[in-house]
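Colleague: model this:
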Amino acid sequence: MVDQHLVDLMKKLQAESKQRKFLESVELAVNLKDIDLSNPKNRIQEEIPLPHGRGKPVKVGVFGSSEMAMKAKGVADIIVQPDEIETLAGDKAKARKFARSSDFFVAEATLMPTIGKRLGAILAPRGKMPKPIPPGSDPKTAVEKLRGSVSVRTRDKMTFHLPIGTKDMAPEALAENLDAVLKRLTTKLERGKQNIQSAYVKTTMGPSFKVM
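Modeller: Model (predicted):
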């Protein structure tokens, strides 16, 4: 059962955010403390599943051989077969556009070394390196899981932001998404909640509300 305080917080956020001509995201900002992010082992790079999804379409691309490519049809937003990796790698502008085309990527595990070597310099800095899946497997489960997930990357920054839904979602759903993210973060931080200095939620253009 999600904390009623979080539900009330989301109701307040929705009530006090002006109506816009577009659907605003609800975003979480987290400020860390007492943690050395210059040490890569202390950094967080996670895909956190949200119980109620992001509230907006999330695009997922698949790198796969002909068998996996067939299974990915109608499931993935973009499909890249092995021979296309070299084509992308040979055109930096095209590779950057490709990296922006999807929120997440999954790849047949056997293709990961090639992807890392040929496209790693484009995908890795953007947090877009694919999640490996077994050769010949059905990518549907992995793709659907990522469609309801959010990516968290601290790098070496003590403050980071991530979407947890959209303003039109039920406050209870937003509260459960927020709760899921905070719980996952505390398990990844060395000292749990003690490493979080503060956390705020806001709509894209609305005021901030303190969570902790």
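
Colleague: Any stretches of the protein with poor pLDDT?
Modeller: Along the chain, segments meeting pLDDT under 70 are nowhere present.

Colleague: How is it partitioned into domains?
Modeller: 4-55+150-210, 60-146 (automatic domain parsing).

Colleague: Rebuild the ones you listed as a markdown table, extending it with mean neighbour count.
Modeller: Every residue, glycine included, has its C-beta placed from N, CA and C. A markdown table is the format used below for these (neighbours: other Cβ atoms under 10 Å):
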| stretch | mean neighbour count |
| --- | --- |
| domain 4-55+150-210 | 16 |
| domain 60-146 | 17 |
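
Colleague: Longest helix in this structure, by number of residues?
Modeller: Counting residues, the longest helix found in the chain (DSSP state H) is helix 171-188.

Colleague: which helices and strands sit right next to that helix?
Modeller: For helix 171-188, the helices and strands in contact under the criterion 3 or more Cβ pairs under 8 Å, 6 or more residues apart in numbering; DSSP states H and E are helix 4-16, strand 25-32, strand 45-49, strand 149-153, strand 159-166, strand 196-203.

Colleague: Let me have these in a markdown table, adding distance to Val62 as columns.
Modeller: A markdown table is the format used below for the helices and strands packed on helix 171-188 (distance: least, Cβ to Cβ, whole Å):
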| stretch | distance to Val62 |
| --- | --- |
| helix 4-16 | 34 |
| strand 25-32 | 25 |
| strand 45-49 | 15 |
| strand 149-153 | 15 |
| strand 159-166 | 23 |
| strand 196-203 | 32 |
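
Colleague: what's the closest of those to Arg118?
Modeller: Closest approach to Arg118 among the helices and strands packed on helix 171-188 (Cβ to Cβ): strand 45-49, 21.1 Å.

Colleague: So what touches that closest one?
Modeller: Identification of contacts with strand 45-49 by Cβ atoms under 8 Å, 6 or more residues apart in numbering yields 104, 127, 131, 145-146, 148-154, 180-181, 184, 188.

Colleague: Now with 6 Å, please.
Modeller: 148-153, 181, 184 (Cβ atoms under 6 Å, 6 or more residues apart in numbering).

Colleague: Equivalent analysis for stretch 192-210, please.
Modeller: By Cβ under 6 Å, 6+ apart, stretch 192-210 touches 9, 13, 17, 24-35, 167, 186, 189, 211-212.

Colleague: How many neighbouring residues does Leu212 have?
Modeller: Heads up, residue 212 is Met, not Leu. As a burial measure, Met212 scores 11 neighbours (other Cβ atoms under 10 Å).
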